[in-house]
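fold the following, please.
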Amino acid sequence: MKRALIPARLRRVVRGWFDARYISRADHRQDIRDALWEVQTLSREIVSLRAEVGELRAQVGKVRIDPARAQRWDDAHRLAEETAAAMERMLQNEALLRRAAGRPPAGSAISVTSAGSPGGVT
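Below you'll find the predicted structure:
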């Protein structure tokens with residue numbers, strides 16, 4: 001390879017241009033080391049999580065549901081659904097009562113237009 005004399009100013013400009021566009025070998029090696037460290041750390045975490053999942057699956061297999069407790073849970077669920085349905089009916093009835101109470105009685109001084117808003121005095 002032949003070397004040529006290049007003015008210092010031009011050399012600085014060219015090196016600055018290369019440095020701005022490309023990463024140095026040392027920085028590239030460090031990035032590779034960092035990525036490798038991350039992969040190894042994640043690999044260790046995956047191994048520990050797999051072991052934990054195995055332990056939890058083993059615990060689930062050991063649990064047996066008592067039939068009496070299951071019956072109580074079913075009863076509680078049924079009662080909760082019935083209570084929710086009853087509350088829904090009660091709230092609908094209350095809304096109907098409030099609407100009915102909000103309307104003026106027939107033959108009063110205030111007439112109601114077809115849109116439901118008070119109209120003029122009759």
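
beyond the top helix by length along the chain, next helix or strand please.
Ranked by number of residues, the top helix in the chain under DSSP state H is helix 25-62. Proceeding C-terminally, helix 25-62 gives way to helix 67-102 as the next helix or strand, assigned by DSSP states H and E.

who are the packing partners of that following helix?
Contacting helix 67-102 under the criterion 3 or more C-beta pairs under 8 Å, 6 or more residues apart in numbering; DSSP states H and E is no other helix or strand. Just so you know, the C-beta spots here come from the backbone N, C-alpha and C atoms, and that holds for glycine as well.

low-confidence ranges in the protein?
Low-confidence segments of the chain, defined by pLDDT under 70, are located at 1, 19-20, 103-122.

let's see that with 90 instead.
Counting by pLDDT under 90, the low-confidence segments of the chain come to 1-28, 59-67, 69, 95-122.

and the residue most central in space within it, how far is that from Leu42?
For the chain, the residue lying nearest the average C-alpha position, counting by C-alpha atoms, centre = their mean, turns out to be Leu49 (22.3 Å). In this structure, Leu49 and Leu42 are separated by 10 Å, where distance is defined by C-beta to C-beta, to the nearest Å.

how does the chain divide into domains?
Described in terms of automatic domain parsing, the domain architecture of the chain consists of the residue ranges 25-63, 64-101.
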